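Enquirer: return a 3D structure for these sequence lines:
(one chain, ligands or ions: 1)
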Amino acid sequence: MQKNGDAARRIALVTGGNSGIGLAIAQRLARDGMCVTVNGREAQGAGQAMCDAAAGAPGMLRYRQADLRDPAQIDGLIQSLVQEHGAIEVLVNNAGLQHVSAIEAFPVAVWDEMLAVNLSASFHTIRLALPAMRRRGWGRIINIASISGLRGRAGKCAYNATKHGLIGLTKAVALETAATPITCNAICPGWVHTALVQRQVEALAEKEALDMEAATARLLGLRQPSGRFVTKDQVASLAAYLCSEDAQEVRGAAWTIDGATTAA
Ligand code: NAD
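Expert: Numbers count the residues shown, from 1 in each chain. I've put the predicted structure just below:
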């Protein structure tokens, strides 16, 4: 078993890592030499095939099925990786859901699902992974929050509540690990063009009878002063930096990468 980790072969887990930002982070960490497991809801065979196709090399990304709405499945995911590798050294809590609706019309089941995936899942992965991380004597916990964890927006009660909560969780864990080589930080992206945002572009196009290009420009114009999407690879580079030794004393940060949105 490794002691204090091996920078060239860190053990990493990226939740919801089979698409969007999570997949870009998983690919980047694998390129940096880490042994990366990606989690998703898809069946094991289909998920592994998707990872092999995305990585361009069989086995470069390992896949583990677990539905993060279920604490028992999270327990199984974390325990199996800890048993196999001794510790998860880099834990990226990325899985997340979005739903836009006024609170009076917000479906209760969607609220419950968003709390489970966007917030409680990170509580469970961290509490379960931290003991072995402490024994290993090195660790990085990165929670993918959002600028919606720093400011409010009408129609996003569950997203705002869970992402604010995730930043609060990040700060508490950063303080509980502050005297150790384990760090815990949040990344707060603005708009990144993924499936999660494409659904919002499509909803806006339908609501305002716009074509996709106009709806995209309108969405960005609503609140991203740069007028451009942040890219998945830019978020992945920030995650890679937070994994580096240079970032050892970056602790409890809610690091924005948002085209100046929160500067206003
Ligand atoms: P995405 O839809 O591509 O990724 C979300 C991932 O979460 C998917 O892989 C999905 O399968 C997974 N997931 C959802 N429910 C799950 C469950 N029950 N069990 C396991 N996995 C589950 O969207 P994305 O934009 O890449 O989002 C990734 C993260 O980034 C999310 O936490 C999102 O809130 C956050 N984020 C995205 C943006 C953006 O503009 N795209 C901005 C800020 C923050």
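Enquirer: just give me the neighbour total for the closest residue in space to Arg9 that isn't next to it in sequence.
Expert: The shortest distance from Arg9 to any non-neighbouring residue, by Cβ to Cβ, 6 or more residues apart in numbering, is to Cys35 (5.7 Å). To be clear about C-beta, it is placed using only N, CA and C from the backbone, and glycine gets the same treatment. Neighbour count for Cys35, taken as other Cβ atoms under 10 Å: 21.
Enquirer: need the pLDDT of Cys35.
Expert: pLDDT recorded at Cys35 is 96.
Enquirer: quick check: it vs Ala236, distance?
Expert: Plainly put, Cys35 is 17 Å away from Ala236 if you go by Cβ to Cβ, to the nearest Å.
Enquirer: so where is the stretch 101-250 of the chain shaky, pLDDT-wise?
Expert: Scanning the stretch 101-250 of the chain for pLDDT under 70 picks out nothing.
Enquirer: which stretches of it form strands?
Expert: Along the stretch 101-250 of the chain, the stretches classed as strands by DSSP state E, counting those that start in this stretch are 139-144, 182-189.
Enquirer: got TSV for those strands, with mean neighbour count and distance to Leu219 too?
Expert: Formatted as TSV, these follow (neighbours: other Cβ atoms under 10 Å; distance: least, Cβ to Cβ, whole Å):
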stretch	mean neighbour count	distance to Leu219
strand 139-144	26	20
strand 182-189	25	14
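Enquirer: okay if I get those strands as JSON lines plus distance to Arg62?
Expert: Output for the strands of the stretch 101-250 of the chain, formatted as JSON lines (distance: least, Cβ to Cβ, whole Å):
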{"stretch": "strand 139-144", "distance to Arg62": "18"}
{"stretch": "strand 182-189", "distance to Arg62": "23"}
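Enquirer: save those as JSON lines, and put in distance to the ligand too.
Expert: Shown next, in JSON lines, are the strands of the stretch 101-250 of the chain (distance: least, Cβ to the nearest ligand atom, whole Å):
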{"stretch": "strand 139-144", "distance to the ligand": "4"}
{"stretch": "strand 182-189", "distance to the ligand": "4"}
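Enquirer: show me where the stretch 51-200 of the chain has its helices.
Expert: 71-85, 108-114, 121-136, 157-176, 195-208 (DSSP state H, counting those that start in this stretch).
Enquirer: the ligand: which of those helices is closest?
Expert: The ligand lies closest to helix 195-208 among the helices of the stretch 51-200 of the chain, at 3.4 Å (Cβ to the nearest ligand atom).
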